[in-house]
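> Curious how this folds, go ahead:
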Amino acid sequence: MKKLYDLLVNLWFLKSKVTNFIKLSLFKVKTGKNLKINGGLFLKGRGLLEVGDDVTINSNYFFNPIGGQTFTSIVVGKNAKLSIGDRVGISNTAIYCAQEIVIKNNVLIGGDCKIYDTDFHSVKIEDRLAIPEQNIQTKPVFIASGVFIGTGSIILKGVKIGENSVVAAGSVVSKSIPANEIWGGNPIKFIKRII
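Residues are numbered from 1 along each chain as shown. Here you go, the predicted model:
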């Protein structure tokens, strides 16, 4: 029974690898060396996606059960740019890039996080009812090297997170965070300096 289970798991992994390779090719993703994608990646959009060396993306609860039943989805809109640096780890996370998101080197993004550089909709009803919808706010997101984003956190448009900082699990990050600090909560607030 174990041999049959192992065979089925290996076939499923092989299918994911093949479909991920096809998606990366179709979307003309620029990838560095040793990209490892565990599970099926959801990829959409016509923007520019660049991925550095030694990046690991978990996209299934089998590889990281902390994200629950989620998977990794990456959407890069037309004329938008998403840049992921070297040695980045991403687990079961949703990234939606309408303008620009930069994730530098050695960043860890925990399970079930969300990173958005857009509001998706206008706050004014007349703009939401327009076809197409008008005045949707976007601002770039910048995540510096060495940042750790705890599980279930949401990073919103216009945020800059400084080097080596930590975002506590379940936080809603609506304002920028300086380097070498721990922040957490909803709304997010300063907790302490990292010594």
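
> how about the helices in this structure?
Counting by DSSP state H, one finds helices in the chain at the ranges 2-26, 125-129.

> Comparing those helices by mean pLDDT, which bottoms out?
Ranked by mean pLDDT, the helices of the chain end with helix 2-26 in last place, scoring a mean of 73.

> Any stretches of this protein with poor pLDDT?
Within the chain, the ranges that satisfy pLDDT under 70 run 1, 4-14, 61-65, 67-68.

> Contact partners for the residue positioned nearest the centre of it?
What sits nearest the mean C-alpha location of the chain, by CA atoms, centre = their mean, is Ile95, with 4.0 Å. Contact analysis of Ile95 by CB atoms under 8 Å, 6 or more residues apart in numbering lists 72-75, 82, 101, 114-116. (Each C-beta comes from the backbone N, C-alpha and C, glycine too.)

> In TSV, list the residues you listed along with distance to Ile57.
Below are the contacts of Ile95 laid out as TSV (distance: CB to CB, whole Å):
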residue	distance to Ile57
Thr72	5
Ser73	11
Ile74	9
Val75	14
Leu82	13
Ile101	15
Lys114	15
Ile115	13
Tyr116	18
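
> out of those residues, which one sits closest to Ile177?
Nearest to Ile177 among those, counting by CB to CB, is Ile115 at 13.7 Å.

> which ones among the contacts of Ile95 are found in strands?
Among the contacts of Ile95, the members found in strands (DSSP state E) are 73-75, 82, 101, 114-116.

> So how do I select the buried members of those residues in ChimeraX?
The ChimeraX command for the buried members of these (criterion: 16 or more other CB atoms under 10 Å) is given here:
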select :73,74,75,82,101,114,115,116
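
> Distance to Val166 for the ones in strands among the contacts of Ile95 - can I get that in CSV?
Converted to CSV, the ones in strands among the contacts of Ile95 look like this (distance: CB to CB, whole Å):
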residue, distance to Val166
Ser73, 24
Ile74, 23
Val75, 26
Leu82, 22
Ile101, 19
Lys114, 17
Ile115, 16
Tyr116, 20
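
> Which single one of the ones in strands among the contacts of Ile95 is nearest to Ile154?
For the ones in strands among the contacts of Ile95, the nearest to Ile154 is Lys114 (4.7 Å; CB to CB).
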